[in-house]
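>>> My questions are about this predicted structure, shown below with the sequence.
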Amino acid sequence: MTLGGARDLEDYLDPINSVGMPELADSAIALNLLISAKNGVRNYAVALTESPTPEVRSVLIRQLEEAVDFHGEVTELMMQKNWFYPYNIDKQVEIDVKSAENAIDIARLPLFPENTNRKGLFPTPPN
């Protein structure tokens, strides 16, 4: 199995195999944030079309503008971190395929391995 494309993951409980996991988690969290921001923009736009008064519309317009700005900030962050390529479809497909492979690899991990003894893997052995 090639989690993160770095190495075979024979023992995922060994701390050495967690190298690169924070980066994977951060990119997944950022993607969820981007999707939520996009949904926020959509929801404000729909609410704006259904608003009954000019006062409500002005509040919704201000919130819609802030939601669009937030979406842009998250997009810029993801582009700077090389987690998102909105202008390079081939590179984005490559990242998406890698992410899908990682998800499949993680789903195939045995949740309850027979040997859970980690004695000797940490600087101070447990009592």
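Happy to help now that I have it. Numbering: from 1, shown residues only.

>>> next SSE after the longest helix along the chain?
Secondary structure of the chain per DSSP state H: the longest helix is helix 21-49. Per DSSP states H and E, helix 21-49 leads on to helix 54-80 as the next helix or strand towards the C-terminus.

>>> how distant is the longest helix of the chain from the center of its chain?
Offset of helix 21-49 from its chain centre (Cα atoms, centre = their mean, to the nearest Å): 10 Å.

>>> For it, name the packing helices and strands.
helix 54-80, helix 89-107 (3 or more Cβ pairs under 8 Å, 6 or more residues apart in numbering; DSSP states H and E). C-beta: built from backbone N, CA, C; applies to glycine.

>>> Save these as a markdown table, and put in distance to Ala47 and mean pLDDT too.
Formatted as a markdown table, those follow (distance: least, Cβ to Cβ, whole Å; pLDDT from 0 to 100):
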| stretch | distance to Ala47 | mean pLDDT |
| --- | --- | --- |
| helix 54-80 | 5 | 97 |
| helix 89-107 | 30 | 90 |
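
>>> Let me have the ones you listed in a markdown table, extended by mean neighbour count and distance to Ser27.
Shown next, in a markdown table, are the helices and strands packed on helix 21-49 (neighbours: other Cβ atoms under 10 Å; distance: least, Cβ to Cβ, whole Å):
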| stretch | mean neighbour count | distance to Ser27 |
| --- | --- | --- |
| helix 54-80 | 14 | 8 |
| helix 89-107 | 12 | 8 |
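
>>> how about the residue nearest to the spatial centre of the chain, what does it touch?
What sits nearest the mean C-alpha location of the chain, by Cα atoms, centre = their mean, is Ala28, with 1.1 Å. For Ala28, the contact set (Cβ atoms under 8 Å, 6 or more residues apart in numbering) comprises Ser99.

>>> how about 10 Å then?
Trp83, Ser99, Asn102, Ala103 (Cβ atoms under 10 Å, 6 or more residues apart in numbering).

>>> one step back: next, the angle from the longest helix of the chain to helix 54-80.
Helix 21-49 runs at 160 degrees relative to helix 54-80, counting by axes from the mean of the first three to the mean of the last three Cα atoms, to 10 degrees.

>>> Alright, that wraps it up for me.
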